[in-house]
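Novice: next input, structure requested:
(chains A and B)
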Amino acid sequence: MITGMGGHMTLFLIVTLNGLTLAALYFLAASGFSLIFGLMRTVNMAHGALLLLGGYVGYSVVDTTGSWALGVLSGGLAAAFAGAIVQAGVLGWMQGDELRQTLASIAISIIMADLMLWYWGGLTYQVELPEALSGGQRLPVLGVGYANIRLALMVFALVTGLALWFLIQRTRLGAVIRAGVDDQDMLRALGFPINRIFILVFALGGLLAGMAGVIAASALSIAPGTDLQFLLSSLVVVIVGGMGSVGGAALGALLVGLAEQYGLAYAPTYGAVFTFAIMVVVLAVRPQGLLGRAEK
Amino acid sequence: MNTFKTAVSAIALFAVAGTASAADIKVGVISILEGAFAALGQDGIRGAELAVQEVGGKVDGSSIEVITMSSDASPDSAVNAARKLIEQDGVDLIVGPLSGSEGLALRDLSKSYPGVTFINGSSAAQDTTLRDSSENFFRFGGDGAQWMVGVGNYAYDELGYKSVAVIAEDYSFPYTQVLGFMAEFCSAGGKVPEKFWTPIGNKDYSSVVYSIPQDVDAIFVALGGADAVNFLTQYNQAGGDKPIIGGSITIDQSILDSKGPFKELLIGAPAGTPTVSDYDGEEWAAFAASYTDAFPDGFSAPSIFAHHYYMAAKAAMLALDEVDADLSNDQAAFRDALTDLTFVTPTGGMMRLDENRNGIVDNFVTEVFEREDGSLGNRVVKVIRDVDQLLGQDKETFLAAGPVSRDNPSCP
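Specialist: Just a heads-up that it's a prediction; the model follows:
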């Protein structure tokens, strides 16, 4: 805690740190969304529901086994599995018809949200943190307490970002994904099993969303409605940063996270406006997003 | 094929119309069944259903049908829900809504539907009944300020807090709650140097956490549902150690039943509320038992929302019984019966309405304690009977202070 008097600089730095850690969470949530869009041009509106599913499953697993790492993993896997089913069972039928896919994914998200409300009820859940991550650190220089989990968030985001970058830039699968972004028809003509790749990418997006869900449930909390909040933040993040680029998602998350925290600290009532103001400016000046490539 | 389709649709239409006219009296219940308040809203529905179940779904031979609609805490969603209930389902009464600003919106809407009686659920903004009240809008319960009566004095006199920071959601109900707290606390001599108003559904409170001045004695937290959980968690994680004073829905049973390590912070926290889950009054024990019987999957005790929706629906059942379920003449007799109604509430007090059709209620100052099984409950520190909407003040002076807002009242 900071004294009201003479703490302005410290407050500013703390708020900046808060912005960075929130950005890390937004990045984790948005990266899968961006990945799916990048390859398949599918705006997956069920992304938030996958995230919430991961969070709930993670909660249940941590509650039974007591292992947080296992919870994150199983939350991710559950959402990956659900994502694969969504692509294989529904969206795969309408490949190439983006509008229909978007509408169908909205329907899926509503159905999933209701099923989750039915199963887990409307209570607010929080995942119990492992010893090492619970509690706080005394920050050097600033001299205030800061939650460990928020510091860990930045590490998670960094690791995830690097892993994604490595996957996309340095592996054969990544090469196929990048080729798919550029020319799907050619990839298909060359004999790549594009439907299977799509399902795999969807599962990967689900995995990222599900893990983000468990982490969100640990650092903040999850409840019905969390799905829409993260869907909205993911949409804004990728619109600002540019769809389908890992760097864009990171930059977008950074801008949105910082704007939200500065807003909350210095103009609480109008906090939400800043985020959307950024989106409006980006759309007006650079509609493809800051790091996005213009459609050919 | 086309004839077949037409026939099927016609049958479907008749089937729908057929079921719709089966009940004699239709009660529309509006509550929040989505988003952050979903768990609370669900409990409100339970309360209304319980009151109807108690009369066996029938009053004087007229069957009662309950139709529920969800709103999302926004005024326009409540208005849409009410319009749908009135125009498509043809309800006679509306019980609801849950949240403060929704109540203000339905109060306004009720003026354009003089043939329908509106009985407030748990919405507790002050001006729903105080200023610009509506002839067919009733509230068998208090407003947010009535729900805080006793806490300001308790914090100042008993706990010795001289300076308190406020963190609350930015809409009419928390404004009213803050008024209820500050009315006593400020006139006792306490100071409120800073108030933080945050948007509903805010997830990340960390920047507010770090802005709380170090020299206050306690924090008054008037946040509901997931918002309260998020704030308390983050305050806890940042090493926050100021004592908490709770608003009426900050320390409701639904929050105490939520999962997570933040709850330790709440043990010992005082709050103002019209509903105490562990109240040992005789009427309350009976009410809680019938709640648990009817809804084994509900909370461990009725929440403030179940309690208030119950009182609203119960008032409707009692008044219907009094007029032999006669709603003719634009429900005139029924409304007179509602206006003059008195009944014993689950908290043991005598419910009656003031001239603005707002309830005169019991209020509790409570404290969170840990039960033997490790779960948390509220226990009663003080009961204050017969709290009216003017908080016992003179009407002229009270109204002259102006409507509540972010800046009113103020005592920095």
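
Novice: which residues does the spatially most central residue of chain B contact?
Specialist: With distances taken as CA atoms, centre = their mean, B:Ser122 lies nearest the centre of chain B, 2.5 Å away. Shown in contact with B:Ser122 (CB atoms under 8 Å, 6 or more residues apart in numbering or on different chains): B:Gly44, B:Leu98, B:Gly141, B:Ile304, B:Phe305, B:His308, B:Tyr309. Using the backbone N, CA and C atoms, a C-beta is placed for each residue, glycine as well.

Novice: what's near enough to touch the last one?
Specialist: For B:Tyr309, the set of contacting residues under the criterion of CB under 8 Å, 6+ apart consists of B:Val29, B:Ser31, B:Gly44, B:Ile45, B:Arg46, B:Gly47, B:Ala48, B:Ala51, B:Val95, B:Gly96, B:Gly121, B:Ser122.

Novice: gap between the fifth one and B:Pro296?
Specialist: The gap separating B:Arg46 from B:Pro296 is 11 Å, by CB to CB, to the nearest Å.

Novice: and these two? Which one has more around it.
Specialist: For B:Arg46 versus B:Pro296, neighbours defined as other CB atoms under 10 Å in any protein chain shown are more numerous around B:Arg46 (23 against 7).

Novice: one step back: give me the nearest residue to the residue nearest to the centre of chain B, chain neighbours excluded.
Specialist: In space, and not counting its chain neighbours, B:Ser122 is closest to B:His308: 3.9 Å by CB to CB, 6 or more residues apart in numbering or on different chains.

Novice: mind checking the SS state of that neighbour?
Specialist: Following DSSP: H, G, I helix; E, B strand; the rest coil, we place B:His308 in the helix state.

Novice: what of B:Glu65?
Specialist: Note that with three-state DSSP, the state of B:Glu65 is strand.

Novice: surely it touches B:Gly28?
Specialist: No - in this structure B:Glu65 lies outside contact range of B:Gly28 using CB atoms under 8 Å: 9.6 Å.

Novice: which strands and helices lie in contact with the least confident helix or strand in chain A by mean pLDDT?
Specialist: Ranked by mean pLDDT, DSSP states H and E, the weakest helix or strand in chain A is strand A:136-138, scoring a mean of 76. With contacts taken as 3 or more CB pairs under 8 Å, 6 or more residues apart in numbering or on different chains; DSSP states H and E, strand A:136-138 sits against strand A:145-147, helix A:148-170.

Novice: out of those, which one sits most buried?
Specialist: strand A:145-147 (a mean of 22; mean count of other CB atoms under 10 Å in any protein chain shown).

Novice: for it, give the mean pLDDT please.
Specialist: Confidence over strand A:145-147 (mean pLDDT, whole number) is 81.

Novice: name the surrounding residues that touch it.
Specialist: A:1, A:14, A:17, A:135-139, A:219, B:206, B:234, B:237-239.

Novice: and which of those is nearest to A:Leu231?
Specialist: Proximity of the contacts of strand A:145-147 to A:Leu231 (CB to CB) peaks at A:Ala219, which lies at 18.0 Å.

Novice: what sits against the residue lying closest to the closest one once chain neighbours are set aside?
Specialist: Leaving aside its sequence neighbours, A:Ala219 sits nearest to A:Ile149 (CB to CB, 6+ apart; 4.8 Å). By CB under 8 Å, 6+ apart, A:Ile149 lies in contact with A:Leu129, A:Leu133, A:Ser134, A:Ser218, A:Ala219, B:Gln237.
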